[in-house]
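Asker: quick check, what structure comes out for this input:
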Amino acid sequence: QPLSSPLFPIPSSPFPINNEEAMIYQPFRTAAVLGAGVMGTQIAAHLANAGLTVHLLDLPSSTGDQNQIVATAFKKGRQQSPPIFYSDSSAERVILGNYEDNLERLARVDWVIEAIVENLAIKQDLMAWVEATVGPETVISSNTSGLSIARSRQVVPNISASSFWVLTFSIHPAISICWS
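Answerer: Next up is the predicted model:
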């Protein structure tokens, strides 16, 4: 089960269902993390540890197995100390893929987190693909430590502000998270 708290309910939609008494939230069940570098792999682990099914995607390999880049990063992440996965069953919730063959998976996830290099032009190029693929209720996030919220917002100018979150994870995301 995904973790949630009364202070930080995790909406399944950027548009909560309003009724006269309360806002109703549904927890995220699935996520996609774009970028399998150190942060992307650790973010995927953090979400899998919380019970989400996570699609971890990266560039396709130019030779051999198309998922070689993401598989190598994932294997390296599994060897980190302290461990980034709480259990083997958490690690099994991460599904590997690449942007070329598996981007259509984004149409079926609740939350997309971009965790690629801190370069606005590269982020914008990737997010153009994301915008064309995600469902209407998918929340899109950009993980950044070096771009301001205003600059990060330029990554997805066509997405409503309620559907876009800027995130900053710590060096070890299983320990802390900061949402902007």
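Asker: all helices for this protein, in order.
Answerer: Ranges of helices within the chain are 38-49, 68-78, 88-91, 99-102, 120-133, 149-153, based on DSSP state H.
Asker: the first one to helix 68-78, inter-axis angle?
Answerer: Interaxial angle, helix 38-49 versus helix 68-78 (axes from the mean of the first three to the mean of the last three C-alpha atoms, to 10 degrees): 70 degrees.
Asker: and what of the fifth one?
Answerer: Angular relation of helix 120-133 and helix 68-78 on a 0 to 180 degree scale: 100 degrees, by the same axes, to 10 degrees.
Asker: in helix 120-133, what's buried?
Answerer: By neighbour count with 16 or more other C-beta atoms under 10 Å, helix 120-133 contains the buried residues 123, 126, 127, 130, 131, 133. Every residue, glycine included, has its C-beta placed from N, CA and C.
Asker: kindly report the same for the second one.
Answerer: Using 16+ other C-beta under 10 Å as the test for burial, helix 68-78 gives 68, 69, 70, 71, 73, 74, 77.
Asker: check contacts around the fifth one.
Answerer: Okay, so that is residue 73. 36, 37, 40, 41, 58 (C-beta atoms under 8 Å, 6 or more residues apart in numbering).
Asker: now do the phi/psi pair for the second one.
Answerer: Backbone dihedrals for residue 37, given as degrees, to the nearest 10, come out at phi -70, psi -170.
Asker: my read: it touches residue 118, true?
Answerer: No: assessed by C-beta atoms under 8 Å, residue 37 is found out of contact with residue 118, at 10.9 Å.
Asker: so between those two, which is more surrounded?
Answerer: A direct count of neighbours by other C-beta atoms under 10 Å for residue 37 and residue 118 places residue 37 higher, at 16 against 12.
Asker: so how far is residue 169 from the more buried one?
Answerer: 12 Å (C-beta to C-beta, to the nearest Å).
Asker: now do the shared contacts for these two.
Answerer: Contact criterion C-beta under 8 Å, 6+ apart; no residue bridges residue 37 and residue 169 by contacting each.
Asker: residues near the residue nearest to residue 110 when sequence neighbours are not counted, how many?
Answerer: Residue nearest to residue 110 in three dimensions, not counting chain neighbours: residue 28, with 4.2 Å by C-beta to C-beta, 6 or more residues apart in numbering. Applying other C-beta under 10 Å, we find 23 residues neighbouring residue 28.
Asker: now residue 28: phi and psi?
Answerer: Main-chain torsions, residue 28, degrees, to the nearest 10: phi -60, psi 140.
Asker: and residue 87, by the same measure?
Answerer: Per-residue torsions, residue 87: phi -160, psi 170 (degrees, to the nearest 10).
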